[in-house]
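In: Model the structure of this input:
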Amino acid sequence: MKIEKFEAEVKTLKNFFELHCHDNHGNLKYHCKQLTYNGEKITTKLELCDDCIELIHYSFDRLLECPHDPKPRCRTCPNPCYEKSEWKKVAKLMRYSGIQLGILKVKKFFGIKK
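Out: Below is the predicted model of the structure:
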């Protein structure tokens, strides 16, 4: 996958994890994660609890090792690389964040403040 696609995938994970963690967990800490993809370094700053930082690192590792080009959505992948228990955690988190982001878009579109 091209570097731009990889960066977009990292940004999506960051946004979804941070939204979920900020809404549902306490004890958030700042972290800086550096990833190397095709010889290029990508740095991302994260504000997550310890459990979420562990899970996003796992997700970054899976993303770095994805053998598919183009990369499919993980839920439709013919050869999933996530362990089942980790997949369930990430799927729950993504479902929550996807719904919340959809609600935020609708509110923004209609100019609703709360």
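In: Could you list the low-pLDDT ranges of the chain?
Out: 114 (pLDDT under 70).
In: ok, which stretches of it are helices?
Out: Ranges of helices in the chain, per DSSP state H, are 3-24, 50-64, 84-110.
In: any chance of those helices in TSV, with distance to K33 too?
Out: To be clear about C-beta, it is placed using only N, CA and C from the backbone, and glycine gets the same treatment. Converted to TSV, these look like this (distance: least, Cβ to Cβ, whole Å):
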stretch	distance to K33
helix 3-24	9
helix 50-64	7
helix 84-110	16
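In: got the contact list for H20?
Out: 52, 93, 96-97, 100 (Cβ atoms under 8 Å, 6 or more residues apart in numbering).
In: Top of those by number of neighbours, please.
Out: In terms of neighbours by other Cβ atoms under 10 Å, these top out with C52 at 23 neighbours.
In: Run through the residues that contact the closest residue to that one other than its chain neighbours.
Out: The shortest distance from C52 to any non-neighbouring residue, by Cβ to Cβ, 6 or more residues apart in numbering, is to C21 (4.4 Å). C21 sits next to 28, 47-49, 52 when contact means Cβ under 8 Å, 6+ apart.
In: Try it again at 6 Å.
Out: Shown in contact with C21 (Cβ atoms under 6 Å, 6 or more residues apart in numbering): 48-49, 52.
In: how close does L63 get to G26?
Out: Distance of L63 to G26, given as Cβ to Cβ, to the nearest Å: 27 Å.
In: Can you pull out the residues in contact with stretch 91-110?
Out: 16, 19-20.
In: try 8 Å this time
Out: 15-17, 19-20, 23-24, 52, 55, 75, 112-114.
In: out of these, what pair is the most spread apart?
Out: Largest separation among these by Cβ to Cβ: R75 and K113, giving 33.5 Å.
In: Which one of those two is surrounded by more residues?
Out: R75 (11 against 5).
In: Name the nearest residue to that one, sequence neighbours excluded.
Out: R75's closest residue in space is A91 (Cβ to Cβ, 6+ apart), at 7.2 Å.
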